[in-house]
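In: Sequence plus the predicted model coming up.
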Amino acid sequence: MASMFSLDGRRAVVTGAASGIGAAIALAYAQAGARLVLADLNEARLAAHADACRANGVEVQTIVADVGDETGAHGIVDRCIAAYGGIDILVNNAGMLTQARCTDLTTQMWDDMLRVDLRSVFLCSRRALPSMTAQRWGRIINVASQLGIKGGAELTHYAAAKAGVIGFTKSLALEAAPDNVLVNAIAPGPIETPLVDGISASWKDAKSKELPLRRFGRADEVAPTAVLLASDPGGNLFVGQTLGPNSGDVMP
């Protein structure tokens, strides 16, 4: 069974890899045998997590870059191609989260959210696609959110960005599947990560009471979904799908 989900030798990029879901996915990929390029803005945390991944006996490259910037996004993908001769798996996980009612949102808050949570997905994917298409094998996994499906009060900018990620995923999946490049999304529910530290305690308390599981998830409970989607044959039939480890918050 383990061989069905092996990533042995696969070349993978994970953005936002220094903490939270990105860190959990990176570690799960290392345990599955992937060679990694890990990207984040937090250099110290990134270095520490890279060492944790290397402890599994795999090669790990790190790069400090802004995924919302075209040069930064391209540099992340280019590092993988230069280091390993190509790219097999791209996990677009980097993101940010702020909270405000729509009437209180500044234009800058809106623009920052879409730049980091949506524009980066486009930039990194566009850069990775030629290499994946040429080798006729690739996996692009975009981390969205269940709020991109159902919306969230005081999170209109975040929900809009994540809905955009889901729409982008479906559309790119249609373009890329004939070249055996499979594009899918993961839409987690609320997860206990540093990303939610800026959300009010009252919002989180009310949210947890809505969930059938009555609790937020953990990052290590999301990572196996990313392993499944990247694996061969495990992920071979997923095309344009949005998988939801979300504590029952959304039931498609």
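Out: Everything's here; your move.

In: Where do the helices of this protein begin and end?
Out: Secondary structure of the chain (DSSP state H): helices located at 20-31, 43-54, 70-84, 107-114, 120-135, 147-150, 156-176, 201-210, 219-230.

In: Among those, show me which one is buried the most.
Out: Among the helices of the chain, helix 20-31 has the highest mean neighbour count (mean count of other C-beta atoms under 10 Å), at a mean of 26. Every residue, glycine included, has its C-beta placed from N, CA and C.

In: returning to that earlier point: of all the helices of the chain, which one is nearest Arg11?
Out: Of all the helices of the chain, helix 70-84 sits nearest to Arg11, with 4.2 Å by C-beta to C-beta.

In: Centre of the chain to that closest one, how far?
Out: Here helix 70-84 is found 16 Å from its chain centre; the criterion is C-alpha atoms, centre = their mean, to the nearest Å.

In: Same question for stretch 215-223.
Out: That offset, for stretch 215-223, works out to 14 Å (C-alpha atoms, centre = their mean).

In: Residues touching stretch 231-248, excluding its own?
Out: In this structure, residues lying in contact with stretch 231-248 by C-beta atoms under 8 Å, 6 or more residues apart in numbering are 4-7, 32, 139, 144, 146, 149, 166, 169-170, 173-174, 177, 182-190, 211-213, 215-217, 221-222, 225, 227-229, 250, 252.

In: Tell me, how many residues neighbour Gly198?
Out: 10 (other C-beta atoms under 10 Å).

In: How about the contacts made by it?
Out: Leu97, Thr98, Gln99.

In: Quick check, pLDDT for the second one.
Out: Listed pLDDT for Thr98 reads 94.

In: I'd guessed it sits against Met113; true?
Out: Yes. Contact criterion C-beta atoms under 8 Å: Thr98 and Met113 qualify, at 6.9 Å.

In: list residues touching both of these two?
Out: Joint contacts of Thr98 and Met113 (C-beta under 8 Å, 6+ apart) are His157, Tyr158.
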